[in-house]
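J.: need a 3D model of the sequence below.
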Amino acid sequence: MQYRLQATDPNSRARAGVITTAHGEIQTPIFMPVGTVGSVKGVHFHELRDEVKAQIILGNTYHLYLRPGVEILNRAGGLHKFIGWERPILTDSGGFQVFSLSANRKLTEEGAHFRSHIDGSKHLFTPENVVDIQRMIGSDIMMALDECPPGTSEYSYARKSLDLTLKWMDRGWRHYKETEGLYGYSQAWFPIVQGCTYPELRRESATRVAELGADGNAIGGLAVGEPAEVMYEMIDVVNEILPADRPRYLMGVGTPVNILEAIDRGVDMMDCVMPTRNGRNGMLFTPEGTMNMRNKKWADDFTPLWEDGPSYVDRVYTKAYLRHLFIAEELLAMQIASIHNLSFYLWLVGEARRHIIDGDFHAWKTDMVTRLGRRL
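T.: Here you go, the predicted structure:
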């Protein structure tokens with residue numbers, strides 16, 4: 001994997017670049033739709049390619065490991081071939097999912113012992129076998145196994161958690177360097193900065209991560225209960241240390257405003273389930289704010305969802321029609337809303353990239369943040 005920095009904004013840390021992988025280029029900053037089990041909920045892959053214009057999607061190691069299983073993926077020739085997606089894929093290590101099973105897991109220096117949420121069967125994730133599993137999945141970018149502590153963790157817990165994450169990181173890095181991809185192309189491996197909301201822990205973690213010299217680096221453990229301003233502060237702290245010649249991936253974030261604020265602070269890659277999850281519940285994101293499509297005010301509004309929008313659903317379907325579909329509980333409502341929201345997110349980061357290259361990102365972002373906060 002290679003990263004090329006193309007432009008920086010003169011009034012912020014925002015930057016535009018290109019990541020080159022075996023399955024294509026990714027223009028940054030970029031938002032990555034979440035395809036947890038090998039599908040982005042309610043959206044066909046041809047829609048992701050042609051309407052949403054997704055350049056990279058995510059899969060999740062925990063879920064794919066349990067179902068369909070890595071043996072099936074290996075026999076298929078990897079996740080790309082299994083799902084029919086020819087563009088880049090990033091896989092989360094599954095750590096966040098394991099640690100969310102607080103009643104059904106145990107952490108040791110060896111790894112994370114857990115029970116499947118599907119059938120209760122016992123499993124173990126180690127820094128090494130998580131690399132092996134992601135080798136079998138065949139993602140272009142693999143993630144290190146880490147622990148993601150709650151945003152409200154006490155210092156003593158955050159300290160202990162970071163110590164474990166750093167030990168796992170070193171073991172995972174060694175195993176990654178000792179192994180190779182299974183399908184004829186190389187895979188990148190990103191370590192993850194943790195440290196909760198404590199600047200000194202974040203600095204220590206970022207320094208250790210930077211010293212590895214990996215192809216890219218991730219920032220984890222944010223948007224997990226802490227205030228947004230604290231999250232932004234932690235991003236600032238970390239990005240003072242993470243190398244500028246490698247992509248920076250902020251995991252699991254977030255709202256459109258969160259995304260712009262992260263870009264402003266030097267983040268290149270982001271993902272979140274929000275556009276599809278909120279879309280399925282009737283919330284649409286637009287350049288002028290959010291719309292609740294169940295509201296009666298849209299019942300006789302026959303204007304397009306977004307007259308100049310990037311996807312066909314924006315230009316073809318009206319607000320009145322989409323409201324009708326939600327009230328009637330038609331599955332098409334969730335599909336239309338998901339495509340719209342994903343298209344909007346990809347449009348937003350595309351516009352951010354354009355303004356970074358033009359040199360006026362910070363002023364544009366300030367105006368957009370105000371507009372995005374409205375409820376229509």
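
J.: for residue 135, give me its contacts.
T.: Contact analysis of residue 135 by C-beta atoms under 8 Å, 6 or more residues apart in numbering lists 142, 179-182, 187. For glycine as for every other residue, the C-beta is placed from the backbone atoms N, C-alpha and C.

J.: from the residues you listed, pick the one nearest residue 69.
T.: When the contacts of residue 135 are compared for distance to residue 69 (C-beta to C-beta), residue 182 wins out at 15.3 Å.

J.: about what we covered before: kindly write the ChimeraX command that selects the buried subset of the contacts of residue 135.
T.: A single ChimeraX command selects the buried members of these (16 or more other C-beta atoms under 10 Å):
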select :142,181,187
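
J.: so which of the contacts of residue 135 is the closest to residue 164?
T.: For those, the nearest to residue 164 is residue 142 (19.4 Å; C-beta to C-beta).

J.: residue closest to the middle of the protein?
T.: residue 271 (2.0 Å; C-alpha atoms, centre = their mean).

J.: list phi and psi for that one.
T.: phi -150, psi 160 (degrees, to the nearest 10).

J.: run a quick neighbour tally on residue 288.
T.: Neighbourhood size, residue 288 [other C-beta atoms under 10 Å]: 11.

J.: report pLDDT for it.
T.: With respect to pLDDT, residue 288 has a value of 97.

J.: list the contacts for it?
T.: By C-beta under 8 Å, 6+ apart, the residues touching residue 288 are 371, 374, 376.

J.: can you tell me which helix or strand of the chain has the lowest average pLDDT?
T.: Confidence across the helices and strands of the chain bottoms out at helix 95-100, with a mean of 76, counting by mean pLDDT, DSSP states H and E.

J.: list the buried residues for that one?
T.: 95-99.

J.: save those as CSV, and put in distance to residue 361 too.
T.: Shown next, in CSV, are those (distance: C-beta to C-beta, whole Å):
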residue, distance to residue 361
95, 33
96, 30
97, 34
98, 37
99, 35
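
J.: got the contacts of residue 135 as a markdown table, with distance to residue 211 columns?
T.: Shown next, in a markdown table, are those (distance: C-beta to C-beta, whole Å):
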| residue | distance to residue 211 |
| --- | --- |
| 142 | 19 |
| 179 | 21 |
| 180 | 23 |
| 181 | 24 |
| 182 | 28 |
| 187 | 21 |
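
J.: nearest to residue 280 among the contacts of residue 135?
T.: For the contacts of residue 135, the nearest to residue 280 is residue 142 (28.7 Å; C-beta to C-beta).

J.: not counting its neighbours along the chain, what's nearest that closest one?
T.: residue 134 (4.0 Å; C-beta to C-beta, 6 or more residues apart in numbering).

J.: following the helix or strand hosting that neighbour, which helix or strand comes up?
T.: Using DSSP states H and E, residue 134 maps to helix 127-137. The element immediately downstream of helix 127-137 (helix or strand, assigned by DSSP H and E) is strand 141-143.

J.: paired strands for that following strand, with orientation please.
T.: strand 89-92 (parallel), strand 188-190 (parallel) (DSSP bridges).

J.: and the longest one, how far out from the chain middle?
T.: Put simply, strand 89-92 sits 9 Å off its chain's centre (C-alpha atoms, centre = their mean, to the nearest Å).

J.: what's it in contact with?
T.: 23, 32, 35, 56-62, 64, 79-80, 134, 137-143, 249, 251, 269, 271.

J.: any figure for the gap between residue 374 and residue 232?
T.: 21 Å (C-beta to C-beta, to the nearest Å).

J.: next, residue 6: secondary structure please.
T.: strand (DSSP: H, G, I helix; E, B strand; the rest coil).

J.: in which helix or strand does the residue nearest to it when sequence neighbours are not counted reside?
T.: Take residue 6 and drop its neighbours on the chain: the residue closest to it by C-beta to C-beta, 6+ apart is residue 16, 4.9 Å away. Using DSSP H and E, the element containing residue 16 is strand 15-21.

J.: packing partners of that strand?
T.: Other helices and strands packing on strand 15-21, by 3 or more C-beta pairs under 8 Å, 6 or more residues apart in numbering; DSSP states H and E, are strand 2-8, strand 24-28, helix 331-358.

J.: tell me the mean pLDDT over it?
T.: 98.

J.: ok, residues contacting that strand?
T.: 1-9, 25-30, 56, 88, 140-141, 188, 216, 244, 247, 266, 268-269, 353, 356-357.

J.: one more pass at 6 Å, please.
T.: With contacts defined as C-beta atoms under 6 Å, 6 or more residues apart in numbering, strand 15-21 is touched by 1-8, 25-28, 88, 140, 247, 353, 356-357.

J.: now the buried members of these.
T.: Buried among the contacts of strand 15-21 by 16+ other C-beta under 10 Å: 1, 3, 8, 26, 28, 88, 140, 247, 353, 356.

J.: next one: the fifth one from residue 39, what distance?
T.: Yep, that's residue 28 we're talking about. On the measure of C-beta to C-beta, residue 28 and residue 39 end up 24 Å apart.

J.: okay, now the sheet partners of the strand holding residue 16, with direction.
T.: Neighbouring strands of strand 15-21 in its sheet, by DSSP bridges, are strand 2-8 (antiparallel), strand 24-28 (antiparallel).

J.: still on that earlier bit, contacts for the helix or strand just after the least confident helix or strand of the chain, please.
T.: Using DSSP H and E, the helix or strand that directly follows helix 95-100 along the chain is strand 105-107. The contact list for strand 105-107, computed with C-beta under 6 Å, 6+ apart, reads 98, 112-114.

J.: do I have it right that residue 362 meets residue 11?
T.: Yes. Look at residue 362 against residue 11 with C-beta atoms under 6 Å: they come within range, at 3.9 Å.
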